[in-house]
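In: can't give you the sequence, but here's the structure:
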């Protein structure tokens, strides 16, 4: 596609349930990032994939959060046993060569945990 | 830990005025600084970036200034238009965390017609 695509655009889940958020990066982009944005806040780094290198997971807030990237393309962010504080917009971005400049963001998945 | 922050959370200007949005950073090892614009309900959109070996870079109606001495970054928007109304984030990357963008809190820019 022309841009970074995320699905679903909105997700409401019950506390304690698991959720999966999907990101389709721009074709040919080797780097993929996940960020979390709470209402009125900046973007909190979660995880970064670059090619076949081991991902930088330093931003994942707890072991309930995990992400994978299959075939160097699509990525899935999984949150297990969701909590209300997980409610936020989850943003995915991709870039061509791993440089953070010119990273293109998707429109995000708004997650609401009730 | 390292952080990037903004001096002003909100900025209101009249259409046609020039806008200046400021940002302070603390990681002296950062190689890149980037400004993003985020409109309501959308993901951040890249505006302009600057490398640490530069002190000024110009784009279309935008200029980014970098003062490494005081670790300060600014975004100047010339002839601000209502369509410029958005949240503006500065971000830094590089050093030992190359690839990982660290974002500031953001500044809300409101342009009044």
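Out: Alright, I've got the coordinates. Because the structure is predicted, anything quoted here is derived from the model rather than measured.
In: State the number of residues packed around residue 29.
Out: Since you didn't name a chain, this refers to chain A. Residues near residue A:29, counting by other Cβ atoms under 10 Å in any protein chain shown, number 19. The way it works is simple: take the backbone N, C-alpha and C, and place the C-beta from them, glycine included.
In: that answer is for a different chain, and I need it for chain B
Out: 12.
In: Same question for residue B:78.
Out: 14.
In: who's in contact with it?
Out: B:18, B:61-63 (Cβ atoms under 8 Å, 6 or more residues apart in numbering or on different chains).
In: Of these, which is the nearest to residue A:65?
Out: Nearest to residue A:65 among the contacts of residue B:78: residue B:62, at 35.2 Å, using Cβ to Cβ.
In: Among the contacts of residue B:78, find me the one that's closest to chain A.
Out: Chain A has its nearest neighbour among the contacts of residue B:78 in residue B:62, at 14.9 Å by Cβ to the nearest Cβ.
In: pLDDT at the closest one, what is it?
Out: You'll see residue B:62 listed with a pLDDT of 97.
In: swap in residue B:98?
Out: Note for residue B:98: predicted pLDDT of 61.
In: ok, now the one 4 residues further on?
Out: Reported pLDDT at residue B:102 in the predicted model: 84.
In: rewinding a little: which two in the contacts of residue B:78 are spaced the farthest apart?
Out: Using Cβ to Cβ, those span at most 10.6 Å, a distance reached by B:18 and B:62.
In: returning to what we had before: show me which of the contacts of residue B:78 are buried.
Out: Using 16 or more other Cβ atoms under 10 Å in any protein chain shown as the burial test, the contacts of residue B:78 include B:62-63 as buried.
In: Which ones among the contacts of residue B:78 lie within strands?
Out: B:62-63 (DSSP state E).
In: who does whichever strand or helix holds residue A:11 pair up with?
Out: Per DSSP states H and E: residue A:11 is located in strand A:10-13. If you go by DSSP bridges, strand A:10-13 pairs up with strand A:109-113 (parallel).
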